[in-house]
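Undergrad: sequence? don't have it. structure:
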């Protein structure tokens, strides 16, 4: 839901205000990274990188150049290449508490499940006793162990009830609604530009 909330928040604004809000969310993604909340950082970056952002004219063109290096850094961290290898390397360096991006781990577990059988001699003789593929389960166990390591220590943050209430009550447009908004916004801005030349 965070992805659609970010997209909605940025793109409900008028053209001059969208680049400012986009810049704010790039900063928030950086703060999330600094707080080691990689899940939220990934969700914000998924929204920022979503193709629907390109349908809202002027959003990217108006962004301040001071945010470009920050954006490039976040793009490198959140790149999907090698099943989010950059992100996993960043996570692995941390001994402090963090909130990992679970999808990367779920993808890897799913890949292991697809590629390796539960039993070593599954296809030989269906009636004979089977040997468990410990190598497969050791790989899965290692991934789960990594996730547990991130939970071994706690954040020293105090709950902010106002922020919690806000986040629990956010509303966002669906993808279909965002696409419709993009089309309407594009037509509205074309009409306003035409009227300005009269």
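TA: Looks like it arrived, so ask away. Model, not experiment: these values are computed from the prediction. Numbers count the residues shown, from 1 in each chain.
Undergrad: only C-alpha atoms for contact and neighbour calcs from this point on.
TA: Noted.
Undergrad: strands of this structure, residue ranges please.
TA: Counting by DSSP state E, no segments of the chain form strands.
Undergrad: got any ranges where it has weak pLDDT?
TA: 122-127, 192, 198 (pLDDT under 70).
Undergrad: list the buried residues for the top helix by length along it?
TA: Taking DSSP state H as the criterion, the chain has its longest helix at helix 175-196. Residues of helix 175-196 classed as buried: 178-179, 181-182, 185 (neighbour count, 16 or more other C-alpha atoms under 10 Å).
Undergrad: who touches stretch 32-45?
TA: Applying C-alpha atoms under 8 Å, 6 or more residues apart in numbering, the external contacts of stretch 32-45 come out as 2-3, 6, 25-26, 28-30, 74-75, 78, 97-102.
Undergrad: make it 7 Å
TA: Contacts with stretch 32-45, where a contact means C-alpha atoms under 7 Å, 6 or more residues apart in numbering, come from 2-3, 6, 29, 78, 98-101.
Undergrad: what about those residues, which are in helices?
TA: Short answer: the contacts of stretch 32-45 in helices (DSSP H) are 2-3, 6, 29.
Undergrad: possible to save these as JSON lines with neighbour count and distance to residue 92?
TA: Output for the ones in helices among the contacts of stretch 32-45, formatted as JSON lines (neighbours: other C-alpha atoms under 10 Å; distance: C-alpha to C-alpha, whole Å):
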{"residue": "2", "neighbour count": "17", "distance to residue 92": "25"}
{"residue": "3", "neighbour count": "17", "distance to residue 92": "25"}
{"residue": "6", "neighbour count": "21", "distance to residue 92": "28"}
{"residue": "29", "neighbour count": "25", "distance to residue 92": "19"}
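Undergrad: so for stretch 20-31, what gets flagged as buried?
TA: Across stretch 20-31, burial judged by 16+ other C-alpha under 10 Å covers 20-23, 25-26, 28-30.
Undergrad: whoops, I mixed them up, stretch 99-110
TA: 99-101, 104-105, 108-109.
Undergrad: which one is residue 172 nearest to, not counting chain neighbours?
TA: residue 5 (4.6 Å; C-alpha to C-alpha, 6 or more residues apart in numbering).
Undergrad: that neighbour: neighbouring residues, count only.
TA: 18 (other C-alpha atoms under 10 Å).
Undergrad: same thing with the one 5 residues further on?
TA: Applying the criterion other C-alpha under 10 Å, we find 25 residues in the vicinity of residue 10.
Undergrad: got a list of what it touches?
TA: 18, 21-22.
Undergrad: and residue 120, by the same measure?
TA: So residue 120 contacts 131-133 (C-alpha under 7 Å, 6+ apart).
Undergrad: show me where this protein has helices.
TA: 2-11, 18-34, 38-48, 68-77, 81-92, 102-115, 134-150, 161-168, 175-196.
Undergrad: returning to what we had before: out of the buried residues of stretch 99-110, who's nearest residue 193?
TA: residue 101 (42.5 Å; C-alpha to C-alpha).
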